[in-house]
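> can't give you the sequence, but here's the structure:
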């Protein structure tokens with residue numbers, strides 16, 4: 001009887017210790033995440049899968065995401081914000097590369113946070129997947145890289161299904177704009193099936209970053225969809241940086257001009273042929289008249305020649321000799337005090 005009481009007491013103590021350790025391990029920041037774990041389920045070997053976790057700052061002070069540290073080299077993380085203000089939301093994306101693994105794979109993405117007052121926390125985001133040995137993607141993602149708007153680019157992913165001669169890829173679905181995709185069966189033997197997924201980024205693809213999943217639908221009830229990550233950054237034939245130039249705070253009577261500079265880059269050599277929006281006291285100085293892929297331009301503002309008072313915003317529209325390109329807009333800001 002004494003031994004039973006001892007065992008029961010020891011078990012209770014162990015349970016209390018584990019519970020206490022778990023409670024202490026829980027971070028004050030855990031509750032700010034919409035969830036702390038995700039399982040992708042069955043995943044084709046070679047695929048790169050991703051999942052967004054959402055952090056909502058419920059404090060009355062900003063939170064800084066100071067680091068994202070994976071427990072495995074197959075996992076990585078990225079956040080769309082480094083500083084999250086009170087009431088704001090940030091996306092922390094976990095990504096897993098499955099090329100080197102088969103079977104169950106579980107990893108952790110550690111998110112290090114610190115508040116403006118110095119309070120620290122580390123949140124554990126657990127991710128896992130069941131990596132299939134009989135379905136292989138090569139390559140694991142569709143990566144278009146940087147693409148100049150108006151170009152058409154093709155990428156191909158090979159899908160191999162081993163050991164299931166009746167397996168079929170039925171269709172592809174996606175909500176990505178500006179792409180065409182086609183599934184083509186290339187080989188069917190007694191050992192397996194091979195498909196090609198041909199994805200074309202069309203000329204009308206919108207500018208900006210594309211990062212989304214395509215889904216290949218199959219006739220396998222145990223693995224009905226195969227996600228394929230697609231990434232691209234579509235840029236215009238002309239880009240300007242920065243898009244806003246501040247000439248500072250000036251006295252309205254000043255005859256000394258203030259200047260600001262910006263850079264215009266093109267996919268091919270060009271010249272600036274004209275500008276809209278210039279007026280008395282505000283002018284664009286184009287020093288280079290020879291075709292170049294990069295132009296450093298100067299905007300000059302003379303307060304005494306301008307009717308602008310107080311805080312002002314002007315928009316300049318730059319025209320070039322590149323055919324079919326709309327004018328580039330640059331915003332000029334400043335303050336002219338009386």
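Done, it's in. This is a predicted model, so every value here is computed, not measured.

> touching, residue 58 and residue 32? I think so.
Yes - Residue 58 is within contact range of residue 32, at 5.8 Å (criterion: CB atoms under 8 Å). All C-beta atoms are positioned from the backbone trio N, CA, C, and that covers glycine.

> between those two, which one's more packed in?
More neighbours surround residue 32 than the other of residue 58 and residue 32, with 20 against 11 (other CB atoms under 10 Å).

> residue contacts, that one?
With contact set as CB atoms under 8 Å, 6 or more residues apart in numbering, residue 32 has these partners: 55-58, 63.

> now the strands for the stretch 201-338 of the chain?
Counting by DSSP state E, counting those that start in this stretch, the stretch 201-338 of the chain has strands at residues 208-218, 225-235, 238-241, 244-251, 258-270, 272-276, 282-285, 292-301, 310-320, 328-337.

> per-residue pLDDT, residue 139?
Note for residue 139: predicted pLDDT of 93.

> correction: the previous question concerned residue 40.
Value for residue 40, per-residue pLDDT: 92.

> if I've got this straight, it is in a helix?
No - with DSSP: H, G, I helix; E, B strand; the rest coil as the criterion, residue 40 is located in strand rather than a helix.

> what's the distance between it and residue 262?
44 Å (CB to CB, to the nearest Å).

> do the same with residue 147
Distance from residue 147 to residue 262, by CB to CB: 24 Å.

> which of the two has more residues huddled nearby?
Legend: neighbour count by other CB under 10 Å for residue 147 and residue 262, higher for residue 262 (21 against 18).

> so who does the more buried one touch?
Residue 262 is in contact with 240-243, 245, 296-297, 299, 330, counting by CB under 8 Å, 6+ apart.

> which of those residues sits closest to residue 132?
Nearest to residue 132 among these: residue 241, at 44.1 Å, using CB to CB.

> what pLDDT is listed against the nearest residue to the closest one once chain neighbours are set aside?
Spatial nearest neighbour of residue 241, chain neighbours left out: residue 263 (5.3 Å); criterion: CB to CB, 6 or more residues apart in numbering. On the pLDDT scale, residue 263 is placed at 92.

> my guess is residue 263 contacts residue 240, does it?
Yes - counting by CB under 8 Å, residue 263 does reach residue 240; the two are 7.1 Å apart.

> so for these two, which residue has more residues nearby?
A count of neighbours by other CB under 10 Å puts residue 240 above the other of residue 263 and residue 240, at 19 against 12.

> dihedrals phi and psi, the closest residue to residue 316 other than its chain neighbours?
Spatially, and ignoring its direct neighbours in sequence, residue 316 is nearest to residue 277 (4.3 Å; CB to CB, 6+ apart). With angles defined as degrees, to the nearest 10, residue 277 sits at phi 100, psi -10.

> any idea which element residue 54 lies in?
Residue 54 is located in strand 48-56, with elements delineated by DSSP states H and E.

> can you list the buried residues in that strand?
Of the residues in strand 48-56, 48-51, 53, 55 count as buried by neighbour count, 16 or more other CB atoms under 10 Å.

> nearest to residue 168 among the residues you listed?
For the buried residues of strand 48-56, the nearest to residue 168 is residue 49 (22.3 Å; CB to CB).

> need the contact list for that closest one.
For residue 49, the contact set (CB under 8 Å, 6+ apart) comprises 40, 43, 95-96, 98, 129, 227, 229.

> rerun that using 7 Å as the cut-off
By CB atoms under 7 Å, 6 or more residues apart in numbering, residue 49 lies in contact with 40, 43, 96, 129, 227, 229.

> so the fifth one sits against residue 216, correct?
No - under the criterion of CB atoms under 7 Å, residue 227 is not in contact with residue 216, lying 8.1 Å apart.

> show me which of these two is the more surrounded one.
Higher neighbour count among residue 227 and residue 216: residue 216, with 24 against 19, using other CB under 10 Å.

> run through the bridge partners of the more buried one.
Counting by DSSP bridges, residue 216 is bridged to residue 172, residue 226.
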